[in-house]
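K.L.:
the following comprises the amino acid sequence and a computationally predicted model.
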Amino acid sequence: MATFLEQLKAVTVVVADTGDFESIQKFRPRDATTNPSLIASAAAMPQYQQLVSAALDWAKQHSTDGSKAAIARRAVDRLAVEFGLEILKVVPGRVSTEVDARLSYDTEGSIAKARDLIAMYAKAGIGKDRILIKLASTWEGIKAAEVLEQEGIHCNLTLLFGFHQAVACAEAKVTLISPFVGRILDWYLKSTGKTSYAPAEDPGVMSVTKIYDYYKRHGYQTEVMGASFRNVGEITELAGCDLLTIAPKLLAELDTMQGTLPRKLDPASKRGVDKLHLDKAAFERLHAEDRMASEKLKEGIDGFSKAITDLEKQLEARL
């Protein structure tokens, strides 16, 4: 009998949520995603020091000045691309590469950074079709993605916690969104004092299901990729989602599970709520009213920003 992982791949595109090539090779996902924390972790592994050195060498030639700080800043972007290039040797599909989280509220800065990343990939012979630029799902990040999509640069809107964020992303015609299932669960566990939820009642699962149904009912082309899972129950409850990005530990667990994996999400269900239209004022009002989304978005941006700053310091020390 096929394992749960094999059955999942039949109804959902499985994506590896890691910067570790060995894990990607083992589980054979179609795509892979990275983020600043994953890149920082992988960059500390002995087997990837050659990539770190390559990024530093490149940055020495392309930094705005010769200071260690400037070189380290450029090396962070290049390191993300170096990992992306290696990942693309392993996966047949796309890799997601993240714009500096410190630009999450800067539309023009995000656009410029995205173009820079795409240019680095282009010089290495990788076309836009194999890259997803990751941006935080702030209003500014969504507006940056709207511009980039019109230029043929495909975007993955990350740190997505609230339904209003998903609605705005669909209206901006972004390629893909990454609602964070596990982080939503974390917030509810902490705020309610509960120790667990049944998989079907998991707030993160319910959030992604609502978004998926809304997109399918109204014919949006934006893909839904559940992310940030805490357990396999969350994953199996979302079988049938367009994509799911899963950490190696949970991929390994799914690969040992036997039985029948039923499809839970169906594009033909037509269960979504009525269509909404959001301008900036409505988006910001809904965001302020959604305490979970507000807190988790800020926490996520702060965490990824810290990871980038820490990585810059590590690279500067190596100089």
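P.N.:
Perfect, I can see it now. Numbering: from 1, shown residues only.
K.L.:
going forward, measure contacts and count neighbours with C-alpha atoms only.
P.N.:
Noted.
K.L.:
now stretch 94-110: mean pLDDT?
P.N.:
Mean pLDDT, stretch 94-110: 97.
K.L.:
now swap in stretch 143-160 and tell me
P.N.:
98.
K.L.:
straight-line length of it, end to end?
P.N.:
15 Å (CA to CA, to the nearest Å).
K.L.:
so how far is stretch 243-259 off the chain centroid?
P.N.:
Here stretch 243-259 is found 18 Å from its chain centre; the criterion is CA atoms, centre = their mean, to the nearest Å.
K.L.:
contacts for it next, please.
P.N.:
Stretch 243-259 has contacts (CA atoms under 8 Å, 6 or more residues apart in numbering) with 1-6, 12-18, 23-24, 27, 32-33, 223-229, 231-232, 235.
K.L.:
what residues sit buried inside stretch 199-216?
P.N.:
199, 202-216 (16 or more other CA atoms under 10 Å).
K.L.:
let me see the ranges of the strands in the stretch 51-200 of the chain.
P.N.:
95-98, 131-136, 155-160, 176-179 (DSSP state E, counting those that start in this stretch).
K.L.:
reformat those strands as a markdown table; add mean neighbour count and distance to Ala166.
P.N.:
Below are the strands of the stretch 51-200 of the chain laid out as a markdown table (neighbours: other CA atoms under 10 Å; distance: least, CA to CA, whole Å):
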| stretch | mean neighbour count | distance to Ala166 |
| --- | --- | --- |
| strand 95-98 | 26 | 18 |
| strand 131-136 | 27 | 12 |
| strand 155-160 | 27 | 7 |
| strand 176-179 | 26 | 7 |
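K.L.:
closest one to Ser104 among the ones you listed?
P.N.:
strand 131-136 (5.8 Å; CA to CA).
K.L.:
now that closest one against strand 155-160, angle please.
P.N.:
Orientation note: strand 131-136 sits at an angle of 30 degrees relative to strand 155-160 (axes from the mean of the first three to the mean of the last three CA atoms, to 10 degrees).
K.L.:
relative to Lys128, how far out is Leu148?
P.N.:
Taken as CA to CA, the span from Leu148 to Lys128 is 11 Å.
K.L.:
what sits in contact with each of the two?
P.N.:
With CA under 8 Å, 6+ apart as the test, Leu148 and Lys128 both reach His154.
K.L.:
so the two - more neighbours on which side?
P.N.:
Leu148 (20 against 16; other CA atoms under 10 Å).
K.L.:
what about the nearest residue to Val76 once chain neighbours are set aside, neighbour count?
P.N.:
The shortest distance from Val76 to any non-neighbouring residue, by CA to CA, 6 or more residues apart in numbering, is to Glu312 (6.4 Å). As a burial measure, Glu312 scores 23 neighbours (other CA under 10 Å).
K.L.:
these two touch, right, Glu312 and Arg78?
P.N.:
No: Glu312 is beyond contact range of Arg78, at 11.7 Å (criterion: CA atoms under 8 Å).
K.L.:
who's in contact with the residue nearest to Val76?
P.N.:
So Glu312 contacts Ala69, Ala72, Arg73, Ala75, Val76 (CA under 8 Å, 6+ apart).
K.L.:
could you rerun that using 7 Å?
P.N.:
With contacts defined as CA atoms under 7 Å, 6 or more residues apart in numbering, the neighbours of Glu312 are Ala72, Arg73, Val76.
K.L.:
report how many residues lie close to Tyr197.
P.N.:
With other CA under 10 Å as criterion, Tyr197 counts 14.
K.L.:
any stretches of the protein with poor pLDDT?
P.N.:
In the predicted model of the chain, no residue satisfies pLDDT under 70.
K.L.:
and if we set it to 90?
P.N.:
Applying pLDDT under 90 to the chain flags residues 1, 19-23, 34-38, 40-45, 63-66, 268-273, 318-319.
K.L.:
show me the longest helix that occurs in it.
P.N.:
If you go by DSSP state H, the chain has its longest helix at helix 291-318.
K.L.:
how many degrees apart are that one and strand 131-136 in direction?
P.N.:
120 degrees.
K.L.:
list the buried residues in helix 291-318.
P.N.:
292-294, 296-297, 300-301, 304-309, 311-313, 315-316.
K.L.:
which residues of the chain fall in helices?
P.N.:
Going by DSSP H, the chain shows helices at 4-11, 21-27, 36-43, 49-62, 68-88, 107-123, 139-150, 163-171, 181-192, 203-217, 232-236, 248-254, 280-289, 291-318.
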